[in-house]
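Trainee: How does the following fold in three dimensions:
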Amino acid sequence: MIPLPSDPTPPRVPWRAAFAYRDFNCFQGARTCVMLGVQMQSVAVGWQIYAATGRPLDLAWVGLAQFLPAAGLSLVTGHAADRFDRRRILILCQAALAALSLALFVATRVGTGIGSIYAVLVGIGVARAFIGPATQSMLPTLVPVEHFGNAIAWGASFFQVATVVGPMLGGVVYAAAGGAGAVYAVAGACSLVALVLVAAMSKTPARTRGATTRASVLAGVRYVRGNPIVLGAISLDLFAVLLGGATALLPVYARDILKLGPWALGALRSAPAAGAAVIAVALARWPIRRRAGSKMLVCVAIFGAATIVFGLSRSFALSLAALVIAGAADMVSVFVRSTLVQLATPEAMRGRVSAVNMVFIGASNELGEFESGVTAQWLGTVPSVVVGGIGTLLVVLLWAWRFPKLAGVDRLEDLHGEPDAAAFRTEPGDPRP
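Mentor: Next comes the predicted model:
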């Protein structure tokens, strides 16, 4: 008898497999439009506030205003994504984002002050708090599991292209129009286009609405806590980007350190996404097949090292290069984390687990912006960025020791229905994975 191979290589997936599904195309088009508007708006808000006050600490409040709603509503938003029509949630939230962009436009034209801008940012944080879990939990239902990695890679590439184009377009429109109002108007239009694309998707089947109990609301938290691979992946991203992210301080670098204008801020904000977009397309063509966990840890370390280089740079070209490398390395981490979190989570739990994941992502991004602003106020801009990059390197070493199962992840496809997920009961009455 000829023994069967114990570790077969998974079949190669066509590099454009995800595009065979119409709903995936509409979904990614809508997500790209939303991100395009969000990135344009972030450039306008950052430059407008820093130009008005000149204090890095005021940039910190921008991130905090958007993070607190996501953190405070995470249990509600995740539960909603598992109990209600995710497509309808996205439509309502995109309509809200369009209205809030209009509010920023009016506040800018009327000249109501930065306090009103912070108030609108809180509203944007609420809308994005509902969008996050609904978006993440919907994607695995649009393509078969064998094409999910391909969908993640292409989705990330579209996301990063929007993150490249959005800040650059925002900076150009801001400079050309002589203010932030035009940027907010274009961002609102992007949200309306996204609304139309989601409305064009197939209606989702009716979802079973069980009784809302304390156990059902907290099930996502319990699931993440009981799965060391998922917990390790999302907490690694939390602390690495929380310490190493320098996005909030880019207005300071563009204006005070590099002595350049809004166009440079747009370019700096686009640079990480440019590197990430290239890697995302490469992952769609040549996906990670082996040693996914260790590759993720190495790339997070590269992200930290590139952050240190950026912090010390006084050259615009070197700063751009460092941010491109940081974005490229971070893309590998995003790809691995997104794939393993979704594949290791049962469909009935994806909204609640995605909500927990979104809190971690928001903490690393928006709360990271707050942390960057505060440390820059205390230590100075350059020392805060360099210390953050060193902290990221230390986090990688600690997580490699603390989460050996994460470091030992080999093929991502093996996580679908993996033993840790299958053995963990989420709540009374919920189906097992």
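Trainee: wait, Val193 sits on Cys33?
Mentor: Yes. Between Val193 and Cys33 there is a contact at 4.7 Å, judged by C-beta atoms under 8 Å. Bear in mind the C-beta positions are built from the backbone N, C-alpha and C, glycine included.
Trainee: Neighbour count for these two, which is higher?
Mentor: Neighbours per residue (other C-beta atoms under 10 Å) separate Val193 from Cys33, with Cys33 holding more: 24 against 18.
Trainee: For the helix or strand encompassing the more buried one, name the packing helices and strands.
Mentor: If you go by DSSP states H and E, Cys33 is part of helix 22-53. Where contact means 3 or more C-beta pairs under 8 Å, 6 or more residues apart in numbering; DSSP states H and E, helix 22-53 is packed against helix 56-72, helix 86-110, helix 114-138, helix 148-177, helix 181-199, helix 250-252, helix 262-285.
Trainee: Highest mean neighbour count out of those helices?
Mentor: helix 250-252 (a mean of 26; mean count of other C-beta atoms under 10 Å).
Trainee: and stretch 268-279, how far from the chain's centre?
Mentor: Averaging C-alpha positions (C-alpha atoms, centre = their mean, to the nearest Å) puts stretch 268-279 13 Å from its chain's average.
Trainee: helices and strands of the protein: which one has the lowest mean pLDDT?
Mentor: Here the helix or strand of the chain ranked lowest by mean pLDDT, DSSP states H and E is helix 419-422, holding a mean of 40.
Trainee: what's the angle from the helix holding Cys33 to helix 181-199?
Mentor: Note on geometry: by axes from the mean of the first three to the mean of the last three C-alpha atoms, to 10 degrees, helix 22-53 and helix 181-199 are set 160 degrees apart in direction.
Trainee: got the buried residues for helix 22-53?
Mentor: Residues 23-50 are the ones in helix 22-53 that count as buried (16 or more other C-beta atoms under 10 Å).
Trainee: now it against helix 148-177, angle please.
Mentor: Using the same axes, to 10 degrees: helix 22-53 against helix 148-177 is 40 degrees.
Trainee: CA atoms only for stretch 238-247, dumped as CSV, please.
Mentor: Provided in CSV are the C-alpha atoms of stretch 238-247 (Å, rounded to 0.1, in the frame of the first residue of the first chain):
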residue,chain,number,x,y,z
LEU,A,238,-3.0,46.3,19.0
PHE,A,239,0.3,46.8,20.8
ALA,A,240,2.6,47.0,17.8
VAL,A,241,0.7,49.7,16.0
LEU,A,242,-0.4,51.4,19.2
LEU,A,243,3.3,52.0,20.0
GLY,A,244,4.8,52.2,16.4
GLY,A,245,2.1,54.2,14.6
ALA,A,246,3.0,57.8,13.7
THR,A,247,0.0,58.7,11.6
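Trainee: which stretches of this structure have low pLDDT?
Mentor: Within the chain, the stretches with pLDDT under 70 are 1-13, 204-220, 347-348, 355, 358-371, 412-433.
Trainee: switch to 50 and redo it
Mentor: 1-6, 206, 417-433 (pLDDT under 50).
Trainee: Pull the contacting residues for the closest residue to Met138 other than its chain neighbours.
Mentor: Distances taken as C-beta to C-beta, 6 or more residues apart in numbering put Arg86 closest to Met138, at 4.7 Å, once the chain neighbours are dropped. Contacts for Arg86 (C-beta atoms under 8 Å, 6 or more residues apart in numbering) come out as Ala134, Ser137, Met138, Thr204, Gly351.
Trainee: what's the most distant pair in those?
Mentor: Thr204 and Gly351 (12.4 Å; C-beta to C-beta).
Trainee: For these two, work out which one has more neighbours and name it.
Mentor: Gly351 (27 against 14).
Trainee: That one sits in which helix or strand?
Mentor: helix 350-362.
Trainee: cool, and Val143?
Mentor: Going by DSSP H and E, Val143 is not in any helix or strand.
Trainee: burial count for it?
Mentor: Neighbours around Val143, by other C-beta under 10 Å: 23.
Trainee: Now for the closest residue to it other than its chain neighbours: which residues touch it?
Mentor: Nearest residue to Val143, sequence neighbours excluded (C-beta to C-beta, 6+ apart): Ala151, at 4.7 Å. Residues counted as contacts of Ala151 (C-beta under 8 Å, 6+ apart) are Ala17, Ala18, Phe24, Leu139, Leu142, Val143.
Trainee: 7 Å instead?
Mentor: Ala18, Phe24, Leu139, Leu142, Val143 (C-beta atoms under 7 Å, 6 or more residues apart in numbering).
Trainee: Ok, Ile152 next?
Mentor: So Ile152 contacts Phe335, Ser338, Thr339 (C-beta under 7 Å, 6+ apart).
Trainee: Got a ChimeraX select line for the buried ones in those residues?
Mentor: Typed into ChimeraX, the line below selects the buried ones among these, using 16+ other C-beta under 10 Å:
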select :335,338,339
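Trainee: Make a markdown table from the contacts of Ile152 and add distance to Arg55 and secondary structure to it.
Mentor: Output for the contacts of Ile152, formatted as a markdown table (distance: C-beta to C-beta, whole Å; DSSP: H, G, I helix; E, B strand; the rest coil):
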| residue | distance to Arg55 | secondary structure |
| --- | --- | --- |
| Phe335 | 37 | helix |
| Ser338 | 35 | helix |
| Thr339 | 40 | helix |
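Trainee: now the one helix or strand Val76 maps to against helix 56-72, angle please.
Mentor: Taking DSSP H and E as the criterion, Val76 maps to helix 74-83. Compare the direction of helix 74-83 with that of helix 56-72 by the same axes, to 10 degrees and you get 50 degrees.
Trainee: Mind giving me the packing neighbours of helix 74-83?
Mentor: Applying 3 or more C-beta pairs under 7 Å, 6 or more residues apart in numbering; DSSP states H and E, one finds that helix 74-83 contacts helix 114-138, helix 214-217, helix 350-362.
Trainee: now those in TSV, with distance to Phe403?
Mentor: As requested, these are arranged in TSV below (distance: least, C-beta to C-beta, whole Å):
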stretch	distance to Phe403
helix 114-138	21
helix 214-217	26
helix 350-362	14
